[in-house]
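> structure for the following, please:
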Amino acid sequence: MTQTLLETTDLTVRFGGHVAVDRVTCSFRAGELTAIVGPNGAGKTTYFNLISGQIGATAGRVTLKGQDITRLSVSRRCRLGLGRAFQLTNLFPELSVFENVRLVMQTRMGRGLNLLSTAESHADVSHAALAVLERVRLDRLRDQKVSELSHGNQRKLEVAMLIALEPDVYMFDEPTAGMSVDEAPVVLDLITELKQDRSRTILLVEHKMDVIRTLADRIIVLHNGALVADGPPAEVMASDVVQEAYMGKEIEDV
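Numbers count the residues shown, from 1 in each chain. Sure thing, here's the model as predicted:
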């Protein structure tokens, strides 16, 4: 039986009188890419934020590899194997492309986040960092300051930093948002490559249906914060509940 790496149980968050995520129970298995879809305001990114620890849950539980992580910090969840790439870039803008990835590598390998250490003092780390940059086709920009990168290249760097963490669970929040037609395939090819490792799981928030059709093994649908559909892509995308949600119609009796 395929291992469940991540699970949410009755996960809920309220902001005042508004329920943004409403008792979502869902499990995510190793070797599976799950696309999380829904109309704007459905709670997709909020659900991601609850899982990764950016916001605290009002009720419910998040479990990673059998361990309750609901009250743990973002950094602690990361060390336990939960990796998140943000919809908005989360980088060190004044450092070089290479230094950003090297620092992630140092942290993962237990070398500490030392901004003053040199690449030469961590030869193995540097070699691994360069290999990741080659995968995302940023090796030629290794010495460029991150603040000088195009938006698309910043998104690719963020994916590189997530890959450098080698998490058990990869979380991508609209990874190609703002990318040009030429830039997006690099990131999509990387996610396809990551799928080949059947020991890990991938969660993907995405609006582009062509991307979802290409990558997803499974789709879950959120609407008004609630889980309203879960299953194989063809089945879920053909369902009335998804058609109504994306047409902006009111969903009743779900």
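> against E244, how distant is A85?
Using Cβ to Cβ, to the nearest Å, one gets 30 Å for the distance from A85 to E244. Glycine gets a C-beta too; all of them are placed from N, C-alpha and C.
> those two - which one has more neighbours?
A85 (23 against 17; other Cβ atoms under 10 Å).
> tell me which element the residue lying closest to the more buried one once chain neighbours are set aside is part of?
Leaving out its chain neighbours, the residue that sits closest to A85 by Cβ to Cβ, 6 or more residues apart in numbering is L162, at 4.6 Å. Element membership of L162, judged by DSSP states H and E, is helix 151-165.
> for that helix, which outside residues touch it?
Residues from elsewhere that reach helix 151-165, judged by Cβ atoms under 8 Å, 6 or more residues apart in numbering: 78, 83-86, 89-91, 97, 100-101, 104-105, 108, 128-129, 132-133, 135-138, 141, 146, 149, 170, 172, 175-180, 183-184, 186-187, 190, 194.
> select only the buried ones of these in PyMOL?
Filtering those down to the buried ones (16 or more other Cβ atoms under 10 Å) takes a single PyMOL command:
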select buried, resi 78+83+84+85+86+89+91+97+100+101+104+105+108+128+129+132+133+135+136+138+141+146+149+170+172+175+176+177+179+183+184+186+187+190+194
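> from the chain's centroid, how far away is stretch 43-54?
Its chain's C-alpha centre and that of stretch 43-54 lie 10 Å apart, by Cα atoms, centre = their mean, to the nearest Å.
> any idea of the mean pLDDT for that stretch?
Across stretch 43-54, the average pLDDT comes to 94.
> may I have that stretch exported as CSV, CA atoms only?
Extracted in CSV, the C-alpha atoms of stretch 43-54 (Å, rounded to 0.1, in the frame of the first residue of the first chain):
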residue,chain,number,x,y,z
GLY,A,43,-9.3,28.9,-0.1
LYS,A,44,-6.5,27.2,-2.1
THR,A,45,-3.6,29.4,-1.0
THR,A,46,-5.0,29.6,2.5
TYR,A,47,-5.1,25.8,2.7
PHE,A,48,-1.4,25.8,1.5
ASN,A,49,-0.6,28.4,4.2
LEU,A,50,-2.2,26.2,6.9
ILE,A,51,-0.2,23.1,5.8
SER,A,52,3.1,24.9,5.6
GLY,A,53,2.6,26.9,8.8
GLN,A,54,2.3,30.5,7.5
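> picking up where we left off before, so which of the contacts of helix 151-165 sit within strands?
If you go by DSSP state E, those have G83, R84, A85, Y170, F172 in strands.
> how about the closest residue to I191 other than its chain neighbours, phi and psi?
Distances taken as Cβ to Cβ, 6+ apart put L215 closest to I191, at 6.1 Å, once the chain neighbours are dropped. Dihedral angles of L215 (phi, psi; degrees, to the nearest 10) stand at phi -100, psi -30.
> number of nearby residues for L215?
19.
> contacting residues for it?
Contacts for L215 (Cβ under 8 Å, 6+ apart) come out as L33, A35, L188, I191, T192, K195, L204.
> how about the nearest residue to the first one, chain neighbours excluded?
So that's L33. I202 (4.3 Å).
> is that neighbour in a helix, a strand, or coil?
Put simply, I202 is strand when judged by DSSP: H, G, I helix; E, B strand; the rest coil.
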